[in-house]
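S.K.: return atomic coordinates for the entry below.
(one chain, ligands or ions: 1)
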Amino acid sequence: MFMPMLNTRLRSTAIAALMCTPALPAAAEEFEILMLNTAAENAQHTNVFAPDILRIQLGDTVTFIPTDKGHNTASKRGMIPQRAEPWNSPMDEKFSLTLTVPGVYGYICLPHYEMGMVGLIIVGDEMQNLDAAKDARQVGSARGAFRDLFARAEGSQ
Ligand SMILES: [Cu+2]
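M.R.: Next comes the predicted model:
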């Protein structure tokens with residue numbers, strides 16, 4: 001007799017607590033980018049970041065994972081928003097970034113940049129520095145690799 005009443009009361013307390021929760025902005029999320037010797041879906045595609053395009057919200061954290069050896073991650077000069085901090089991670093180490101400036105971030109693997117090991121992180125909904133990032137000077141296979149990433153990023157807006 002007593003127990004069902006208690007349960008009912010607990011349940012309504014929980015519902016009341018849910019209803020009183022103010023609308024907060026979505027909590028910051030965590031993402032991972034793998035540094036790989038070969039792409040999972042195509043063994044011909046060597047030295048890749050996976051995913052090579054990542055869309056996140058302001059304040060989210062991205063961790064680069066050294067799944068395979070011989071890679072790092074570094075922001076590319078001219079390819080990050082003006083107030084954003086550049087980065088250059090140690091080789092073969094896990095490396096986390098919390099991105100708090102909206103825009104496009106172009107980054108590279110230093111040893112494999114000219115072979116086209118590059119990636120894009122898009123923070124927020126507006127790619128305010130897109131034109132500047134597209135105009136950045138590239139060398140070797142990085143030129144085509146970034147062109148492909150920008151085309152895909154703009155195509156999936
Ligand atoms: Cu690499």
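S.K.: correct me if wrong: Glu29 contacts Asp60.
M.R.: Yes. With contact defined as C-beta atoms under 8 Å, Glu29 reaches Asp60; the gap is 4.8 Å. From N, CA and C alone the C-beta is placed, and that goes for glycine too.
S.K.: among those two, which residue is more densely surrounded?
M.R.: Asp60 (21 against 11; other C-beta atoms under 10 Å).
S.K.: can you give me phi and psi for the more buried one?
M.R.: Here is the backbone geometry of Asp60 (degrees, to the nearest 10): phi -70, psi 160.
S.K.: let me know the pLDDT of it.
M.R.: At Asp60, the pLDDT value in this model is 97.
S.K.: test my guess that it contacts Thr98.
M.R.: Yes. Asp60 is within contact range of Thr98, at 7.3 Å (criterion: C-beta under 8 Å).
S.K.: tell me, what's touching those two both at once?
M.R.: Ala28 (C-beta atoms under 8 Å, 6 or more residues apart in numbering).
S.K.: which parts of stretch 46-58 are buried?
M.R.: 47-50, 52, 54-56 (16 or more other C-beta atoms under 10 Å).
S.K.: per-residue confidence at Pro25?
M.R.: With respect to pLDDT, Pro25 has a value of 61.
S.K.: please apply the same query to the one 3 residues further on.
M.R.: With respect to pLDDT, Ala28 has a value of 91.
S.K.: helix, strand or coil for it?
M.R.: Using DSSP: H, G, I helix; E, B strand; the rest coil, the three-state assignment for Ala28 comes out as coil.
S.K.: who touches it in this structure?
M.R.: Neighbour list for Ala28: 57, 59-61, 98 [criterion: C-beta under 8 Å, 6+ apart].
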